[in-house]
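# Fold the following, please.
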Amino acid sequence: MTSLRNEHHNLSITDIPGIKIGHYTDFNLITGCTVILTESGAVGSVDVRGGSPGSRETDLLHPTANVPFIHGIVLSGGSAFGLQSADGVVKYLKDRNIGHQAGNSKIPIVAGSILFDLNIGLDMPPDVDSGYKACIAATDKKPQEGTVGAGTGATVAKLMGFDHALKGGIGTYGMSLGDGSKVAAIVATNAIGGIYDYKTGALIAGPLDKKLSGMLNPLECILDTNWAPPTSVQKNTTIGVICTDVGLTKSQAKKLSAAAHDGLALSVRPAHTVHDGDTFFCLSTGCNNVNPDMDRLIAATAVCVAEAILRSVRLASSIGNVTAIADLDNN
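Numbers count the residues shown, from 1 in each chain. Just a heads-up that it's a prediction; the model follows:
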């Protein structure tokens, strides 16, 4: 059996033609945003599973909605305040006459979702200017990963309280399916649950123990008969985008958005809690004429999301008194 780690895998989301990625990062405020641009337009959809989501323009991504294409997606820190960063993306695209033709105007269609990082930095979330700057930085080169963009203030493994959390981040992973088609994901991981290697079942990032030197098993913690949740449960949310160059309908894109949550559940446990707003978008640029094999695309989507989550945590760096697993291993 061949390994997933071969020349056709370990791609990034910018290996999908028609996709550009830009980060805005503020290390002082410990927050940021990430923009995924599809300036030529892409078929899009979304699937929201968490109990505490924060999003923008998700209704028009429903298969029955009229608007056929989307021009950008924003993943942002700052909780609900961070949604304003999408206005900066709209302005950037409007300045360049990119958008959906409506009357005498071209209206950029920009969706977005946010994660809660106000527990780690200062209460100054990404704004309109942040979104605009992320667009200026956007490129089709492989993006930075870890503590950058929407992953700057991301944290994970918060079941025992924020003082026991580890650093989350943003990661990307993609693969070629051998028929010329590609699938890739970018994920900002900010989960109440722990992080697992889905291939081995090994715990990668769990709540720190009382000595803050070892990790606890989050599933064992929450299922213990003596479980007592922290008095103040921190907000969370893992958000991401799955992209493919295969031409999809909005209904098919919706199916891949749902499959992305399978990848989340493989790597994050527990997932989709009432304190997470887990949301995944799907973009189809349609640059490839291959007929979609939905079963293969679904399987690839789950793997890409699971791998992107692992990369987001493994490549994160410590910040704001929150330890990254890379530094924990060195202790």
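
# Which stretches in the protein count as helices?
Counting by DSSP state H, one finds helices in the chain at the ranges 85-95, 128-136, 218-223, 250-267, 294-314, 325-328.

# helices or strands next to the fifth one in the packing?
If you count contacts as 3 or more Cβ pairs under 8 Å, 6 or more residues apart in numbering; DSSP states H and E, helix 294-314 packs onto strand 169-176, strand 182-189, strand 194-196, strand 203-205, strand 239-246, helix 250-267, helix 325-328. Just so you know, the C-beta spots here come from the backbone N, C-alpha and C atoms, and that holds for glycine as well.

# what helices or strands is the second one leaning on?
Under the contact criterion of 3+ Cβ pairs under 8 Å, 6+ apart, strand 182-189 touches strand 31-48, strand 169-176, strand 239-246, helix 250-267, helix 294-314.

# thought residue 205 was touching residue 166?
Yes. Residue 205 is within contact range of residue 166, at 4.6 Å (criterion: Cβ atoms under 8 Å).

# low pLDDT regions in the chain?
Residues of the chain that meet the criterion pLDDT under 70 lie in 1-8, 231-234, 329-331.

# try 80 this time
Residues of the chain meeting the criterion pLDDT under 80: 1-9, 50, 121-122, 213, 228-235, 329-331.

# what separates the nearest residue to residue 80 once chain neighbours are set aside from residue 87, distance-wise?
In space, and not counting its chain neighbours, residue 80 is closest to residue 54: 5.1 Å by Cβ to Cβ, 6 or more residues apart in numbering. Separation of residue 54 from residue 87 (Cβ to Cβ, to the nearest Å) stands at 15 Å.

# more neighbours, the two?
residue 54 (23 against 18; other Cβ atoms under 10 Å).

# dump the residue contacts of the more buried one.
For residue 54, the contacting residues are 79-80, 82-83, 113-114, 237, 277, by Cβ atoms under 8 Å, 6 or more residues apart in numbering.

# can you do 7 Å?
79-80, 83, 113-114, 277 (Cβ atoms under 7 Å, 6 or more residues apart in numbering).

# How about residue 156?
Contacts of residue 156 by Cβ under 7 Å, 6+ apart are 165-166, 168, 189-191, 194-195, 205, 313.

# ok, now how distant is it from residue 303?
Distance from residue 156 to residue 303, by Cβ to Cβ: 20 Å.

# for residue 261, same thing?
For residue 261, the distance to residue 303 - Cβ to Cβ - is 13 Å.

# Check residue 192 too.
Look at residue 192 and residue 303: by Cβ to Cβ, they are 23 Å apart.

# go on, residue 168?
20 Å.

# Same drill for these two, tell me which one is more crowded.
Between residue 168 and residue 303, counted using other Cβ under 10 Å, the more crowded position is residue 168 (35 against 22).

# Check the contact between the more buried one and residue 316; I expect there is one.
Yes. Judged on Cβ atoms under 7 Å, residue 168 makes contact with residue 316 at a distance of 6.2 Å.

# re earlier: check the gap between the residue nearest to residue 80 and residue 310 for me.
25 Å.

# ok, now residue 221?
Counting by Cβ to Cβ, the gap from residue 221 to residue 310 is 21 Å.

# can you tell me how far the residue sitting furthest away from the middle of the chain sits from residue 97?
Using Cα atoms, centre = their mean, the residue of the chain lying farthest from its centre is residue 104. It sits 34.5 Å away. According to Cβ to Cβ, residue 104 and residue 97 sit 12 Å apart.

# Might you report the residue contacts of the spatially closest residue to residue 40 that is not a sequence neighbour?
In this structure, residue 40 finds its nearest non-sequential neighbour in residue 18, 5.6 Å apart by Cβ to Cβ, 6+ apart. Contact analysis of residue 18 by Cβ under 7 Å, 6+ apart lists 38, 40, 42, 285, 287.

# Kindly report the same for residue 227.
Residue 227 neighbours (Cβ under 7 Å, 6+ apart): residue 221.

# picking that back up, which one of residue 221 and residue 310 is surrounded by more residues?
Neighbour comparison, residue 221 and residue 310: the larger count goes to residue 310, with 23 against 18 (by other Cβ under 10 Å).

# In this structure that one contacts residue 200, no?
No. Counting by Cβ under 7 Å, residue 200 is not a contact partner of residue 310; they are 10.8 Å apart.

# one step back: now the contacts of residue 18 in JSON lines, with distance to residue 131?
Converted to JSON lines, those look like this (distance: Cβ to Cβ, whole Å):
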{"residue": "38", "distance to residue 131": "15"}
{"residue": "40", "distance to residue 131": "20"}
{"residue": "42", "distance to residue 131": "18"}
{"residue": "285", "distance to residue 131": "21"}
{"residue": "287", "distance to residue 131": "25"}
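
# ok, and the most crowded of those residues?
Counting by other Cβ under 10 Å, top hit in those: residue 42 with 29 neighbours.

# Test of understanding: give the bridge partners of it.
residue 70 (DSSP bridges).

# Looks like it contacts residue 281 (just checking).
No. With contact defined as Cβ under 7 Å, residue 42 and residue 281 do not form a contacting pair (10.1 Å).
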